[in-house]
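Predicted model, plus sequence, below.
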There are 2 protein chains.
Amino acid sequence: MPKTTRVVTKPGRPKGERTRENILRAAVDLASLEGLEGLTIGRLADELKMSKSGLFAHFGSKQDLQLAIVGMAREIFKERVIRPALAKSPGMPRVRELCDRWLSHVEEKVFAGGCFFTAASFEFDSRPGPVRTAIVEAMQQWLATLTRAIEESQKAGHIQTSLIAERFALEIYSMAMGAHWAFQLLDQKTALVNARETILARLRSEARIAL
Amino acid sequence: MPKTTRVVTKPGRPKGERTRENILRAAVDLASLEGLEGLTIGRLADELKMSKSGLFAHFGSKQDLQLAIVGMAREIFKERVIRPALAKSPGMPRVRELCDRWLSHVEEKVFAGGCFFTAASFEFDSRPGPVRTAIVEAMQQWLATLTRAIEESQKAGHIQTSLIAERFALEIYSMAMGAHWAFQLLDQKTALVNARETILARLRSEARIAL
DNA sequence: CATAAAAACGAACGTTCGTGCTATTATTGT
DNA sequence: ACAATAATAGCACGAACGTTCGTTTTTATG
């Protein structure tokens, strides 16, 4: 008699760890759609065909679940936006790749409801507590990454040194956020394509090299 | 014996109408803090020292309450941002005033939790239904107002005619939204002042007149 | 293969949600 | 001032919330 046990998920790691990850992957998507606070444990459990209590046991509280979701979202974002951009050479190519990947991750619905952190930002900007703090940290790191890439561009002579890198970074990200807004709320299908143009034009206006 | 009845709120209109307005004024603030969905009727009733059912009777359902809140927020926004800007002469002065007033209404906390519509945008961009539709309409009107002001500036020879007004409007609003984000989430106290500079610089770069 | 540990479940807790009723209190028009 | 009417309160409902607990099932290990 042959083995009849079907392996649904690759083993290796203990089972609890695997399901925890499955939960978080689904949770990130659901949270990007309904919000981190709007997400409920019952709804998430249904989605995964699990019992509420079985799911809940992986996290001690809803707040801990929320913090874990933010952590998972950070990893996904790092994987899909930051890491590929850091593979590009420092200077203008890296700046452009950061912008491009950010817009792509919205376009390709890496998070089902658009950029997880943009949504979380506006949901939690008036909700003090550990979750807000975690979101702030993630966002500060993102802005710092963009700022550093701009500074490198300045050092490499690709961008005017008269600019304040951090403010220019905010300006760039603002345009990306605006595109996200027009895309997700107003259903402007060209918003992300337009944003690539707009950002490129803005970079060009401060560039010391041809783009 | 003199009259001892104190008039707490000015009469004239029927009482129900007055309390309804009071409810909505408080609701707009609360919704800007906790979100339109996050806001609960019980919480709002407590805030106003009313019974849940007494408050509820003014609206047939939570959704109707949400729609009424959006309507009230529109009126407040119109009063505090649009109307003063339309008082300025068409062309660049009006464009600048629109930007200025928008940033001011965040700075002065016209809505307790920052711009009501910006928050509502990101909360409802993945929640189909009448509420989302109402938010979309309000936002389209805002963008149309800004677009029209830019077009007038072009006709008046204040701004380069090669620009696509609607896209430039989105660009401007994006920077305002970015400032809102840095101000509300990251607590960058200079964000709004910076945004005035950044927007002015952007306008200058497309202007045919001195700014 | 047996056994200890880990994971998932089902039921129930107290609370709050939105939403109906019914009764009472305030306001309004005459 | 009084009757008609509108506004508010009180109470209750079923559902869903986050959370706890004891039990059962599954997994990993000697």
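Nice, thanks for sending it over. Residues are numbered from 1 along each chain as shown, chains lettered A, B, ... in the order given.

can you pull out the strands in chain A?
Counting by DSSP state E, chain A yields no residue ranges for strands.

Now stretch A:195-211: buried residues?
Within stretch A:195-211, the residues that count as buried by 16 or more other C-beta atoms under 10 Å in any protein chain shown are A:195-196, A:198-199, A:202-203, A:206-207. Bear in mind the C-beta positions are built from the backbone N, C-alpha and C, glycine included.

Out of those residues, give me the two with the largest separation.
Spatial extent of the buried residues of stretch A:195-211 (C-beta to C-beta) is set by the pair A:A195 and A:A207 at 17.7 Å.

In contact with the closest residue to A:E166 other than its chain neighbours, which residues?
Leaving out its chain neighbours, the residue that sits closest to A:E166 by C-beta to C-beta, 6 or more residues apart in numbering or on different chains is A:T147, at 4.8 Å. Listed by C-beta atoms under 8 Å, 6 or more residues apart in numbering or on different chains, the contact set of A:T147 reads A:165-166, A:169.

same check, this time on A:Y173
Contact analysis of A:Y173 by C-beta under 8 Å, 6+ apart lists A:102, A:142-143, A:146, B:178.

go with 7 Å
The neighbours of A:Y173, taking C-beta atoms under 7 Å, 6 or more residues apart in numbering or on different chains as the test, are A:143, A:146, B:178.

per-residue confidence for the second one?
Residue-level confidence at A:L146 comes out at 98, pLDDT.

Test my guess that it contacts A:A169.
Yes: counting by C-beta atoms under 7 Å, A:L146 touches A:A169, with 4.2 Å between them.

At the geometric centre of chain A, which residue sits there?
Geometric centre of chain A, nearest residue: A:F77, 4.0 Å, by C-alpha atoms, centre = their mean.

residues touching that residue, list them.
When contacts are counted by C-beta under 7 Å, 6+ apart, A:F77 is found next to A:F117.

any idea how far B:P130 is from it?
Applying C-beta to C-beta, to the nearest Å, the value for A:F77 to B:P130 is 33 Å.

related to what we said a few turns ago, with respect to DNA strand C, which of the contacts of A:Y173 is nearest?
Closest approach between these and DNA strand C, by C-beta to the nearest atom of the strand: B:G178, at 31.4 Å.

The closest residue in space to that closest one that isn't next to it in sequence: neighbour count?
Leaving aside its sequence neighbours, B:G178 sits nearest to A:S174 (C-beta to C-beta, 6+ apart; 2.7 Å). The number of residues packed near A:S174 is 23, by other C-beta atoms under 10 Å in any protein chain shown.

What of A:E21?
Neighbour count for A:E21, taken as other C-beta under 10 Å: 16.

what comes up buried for stretch A:42-56?
A:44-45, A:48, A:50, A:55-56.

Keep only those residues that also lie close to DNA strand C.
A:50, A:55 (C-beta under 7 Å from any atom of the strand).

Among the buried residues of stretch A:42-56, which lie within helices?
A:44-45, A:55-56 (DSSP state H).

if I pick the residue nearest to B:G178, what's in contact with it?
Here A:S174 is in contact with B:174-175, B:177-178 (C-beta under 7 Å, 6+ apart).

at 6 Å what do you get?
Counting by C-beta atoms under 6 Å, 6 or more residues apart in numbering or on different chains, A:S174 makes contact with B:174-175, B:178.

Please apply the same query to A:Q184.
A:Q184 is in contact with A:114, B:125, counting by C-beta under 6 Å, 6+ apart.

And for A:A195?
Residues near A:A195 by C-beta under 6 Å, 6+ apart: A:103, A:175, A:179.

burial of the nearest residue to A:G16 once chain neighbours are set aside, as a residue count?
Leaving aside its chain neighbours, A:G16 sits nearest to A:H58 (7.1 Å; criterion: C-beta to C-beta, 6+ apart). A:H58: 17 surrounding residues under other C-beta under 10 Å.

what residues does chain A put near DNA strand D?
Where chain A comes near DNA strand D, counting by C-beta under 7 Å from any atom of the strand, the residues are A:11, A:14-15, A:39-43, A:52-53, A:56-57, A:60-63.

What degree of burial does A:M72 show, as a neighbour count?
A:M72 is flanked by 19 other residues according to other C-beta under 10 Å.

May I see the buried residues of stretch A:195-211 organised as JSON lines, with pLDDT added?
Compiled in JSON lines, the buried residues of stretch A:195-211 are given as follows (pLDDT from 0 to 100):
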{"residue": "A:A195", "pLDDT": "98"}
{"residue": "A:R196", "pLDDT": "98"}
{"residue": "A:T198", "pLDDT": "98"}
{"residue": "A:I199", "pLDDT": "98"}
{"residue": "A:R202", "pLDDT": "98"}
{"residue": "A:L203", "pLDDT": "98"}
{"residue": "A:E206", "pLDDT": "98"}
{"residue": "A:A207", "pLDDT": "98"}
